[in-house]
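Chemist: Sequence unavailable; structure follows:
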């Protein structure tokens, strides 16, 4: 699997899935609102530049989500968009570089570190995993790796966001940002798998 | 403007609306702008609202922004980055409790103090003992 499909229809599908997948709590409502707006926005344009697509997605999320996930996800997409600017299709390696920028952006914006029980606990290891494996990346293994990272947030004590007010009582619960991040990566993976199958 | 501007950022529109009423009684001349809730006035914060609020009370005297919780800070920082692109840079985010911090800031700003002085009293408000 070398190339990521740049077709906007596929992107729409993955965003819609993400939109539908999370349905409760503040985070769910916020993310649903954000991605609904995203879909409206990207419906209006035809994209042949993945960077521009990511940029637009990020801008909408920043202004429409309402909770911390808006600026954090927004920053992640905008930063990745800067790396992917002008590219009609991208390789796994380029995706890894783009996500590295996303991770840097999330850290800077949220002043968070790995282990704080946030979305970063999925984003950072998954990005590293993509970078380490490059073109030999096994998509199914990546999915289970992302899930493992998500599950791992259950054991952590929240250091950031509103969950941090709960302190030790936050242990035993999955971090919603980690869950939505995992959904995002899983959906991306499912598109990559589908793409692989149609090529064979 | 003769006064340092005050911006109140909260997840709740009603919360800062009430706070503004309280503060305006102290000094009706100090410009106070609100950014409460999302664009749809639901619970949450909006980077556009924050940006507009800062602009509406901005002058050479500068602006101090107070916020309630988490994402309010993240969105305020984003708004500040955007404003800096338009050379609006005399804006300070107060590391202080929303009510007490804004209260002392309005008093200090109302005395005609400069940005630095207003920032100092808001920082002091952080260690204010209530009982």
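Modeler: Yep, it's here. From a predicted model like this one, the values you see are computed outputs, not experimental measurements.

Chemist: after the helix or strand containing residue A:130 comes which helix or strand?
Modeler: Element membership of residue A:130 [criterion: DSSP states H and E] is helix A:120-133. Tracing the chain past helix A:120-133, the next element assigned as helix or strand by DSSP H and E is helix A:139-152.

Chemist: gap between that following helix and the chain center?
Modeler: Centre-to-centre, helix A:139-152 and its host chain are 13 Å apart (Cα atoms, centre = their mean, to the nearest Å).

Chemist: any idea of the angle the next helix or strand after that helix forms with helix A:120-133?
Modeler: Using DSSP H and E, the helix or strand that directly follows helix A:139-152 along the chain is helix A:176-199. On the basis of axes from the mean of the first three to the mean of the last three Cα atoms, to 10 degrees, helix A:176-199 is oriented at 30 degrees to helix A:120-133.

Chemist: Buried residues in helix A:176-199, which are they?
Modeler: A:176-189, A:191-192, A:195 (16 or more other Cβ atoms under 10 Å in any protein chain shown). From N, CA and C alone the C-beta is placed, and that goes for glycine too.

Chemist: Same question for stretch A:147-156.
Modeler: A:149-150, A:152-153, A:156.

Chemist: helices and strands around the lengthiest helix in chain B, which ones?
Modeler: Longest helix in chain B, counting residues (DSSP state H): helix B:70-85. Packing contacts for helix B:70-85, counted by 3 or more Cβ pairs under 8 Å, 6 or more residues apart in numbering or on different chains; DSSP states H and E, involve helix A:69-83, helix A:92-110, strand B:5-10, helix B:47-57, strand B:63-67, strand B:91-93.

Chemist: Just want the residue of chain B that's nearest chain A.
Modeler: residue B:44 (2.6 Å; Cβ to the nearest Cβ).

Chemist: circling back to that earlier point, what residues does the helix holding residue A:130 touch?
Modeler: Identification of contacts with helix A:120-133 by Cβ atoms under 8 Å, 6 or more residues apart in numbering or on different chains yields A:76, A:92-93, A:95-97, A:99-100, A:102-103, A:106-107, A:110, A:112-115, A:137, A:142, A:145-146, A:149-150, A:152-153, A:156, A:175, A:178, A:181-182, A:185.

Chemist: now it against helix A:92-110, angle please.
Modeler: Orientation check (the same axes, to 10 degrees): helix A:120-133 against helix A:92-110 gives 150 degrees.

Chemist: give the contact list for residue 76.
Modeler: Because you didn't say which chain, this covers chain A. Counting by Cβ under 8 Å, 6+ apart, residue A:76 has contacts A:58, A:102-103, A:105-106, A:123.

Chemist: um, chain B though
Modeler: Residue B:76 sits in contact with B:9, B:45, B:50, B:65, B:67, B:93, where contact means Cβ under 8 Å, 6+ apart.

Chemist: Identify the bridge partners of the fourth one.
Modeler: On DSSP bridges, the residues paired with residue B:65 through beta bridges are residue B:7, residue B:93.

Chemist: Give me the pLDDT value at it.
Modeler: Turning to residue B:65, the model gives it a pLDDT of 98.

Chemist: I figured it hits residue B:96, correct?
Modeler: No - if you go by Cβ atoms under 8 Å, residue B:65 and residue B:96 don't touch, sitting 10.4 Å apart.

Chemist: Tell me which of those two has more neighbours.
Modeler: Taking other Cβ atoms under 10 Å in any protein chain shown, residue B:65 and residue B:96 do not tie; residue B:65 has more neighbours (27 against 24).

Chemist: Could you count how many residues lie near residue B:14?
Modeler: 11.

Chemist: Make sure it is actually in contact with residue B:41.
Modeler: No - taking Cβ under 8 Å as the definition, residue B:14 is not a contact partner of residue B:41, at 9.3 Å.

Chemist: one step back: compare the contacts of residue B:76 and tell me which is most surrounded.
Modeler: residue B:45 (32 neighbours).

Chemist: For it, grab phi and psi.
Modeler: phi -130, psi 160 (degrees, to the nearest 10).

Chemist: show me the contacts for it.
Modeler: Counted by Cβ under 8 Å, 6+ apart, residue B:45 has contacts A:66-67, B:9-11, B:35, B:37-38, B:71-72, B:75-76.

Chemist: And residue A:51, by the same measure?
Modeler: A:81-87.

Chemist: Now do the same contact list for residue A:115.
Modeler: A:121, A:156, A:159.
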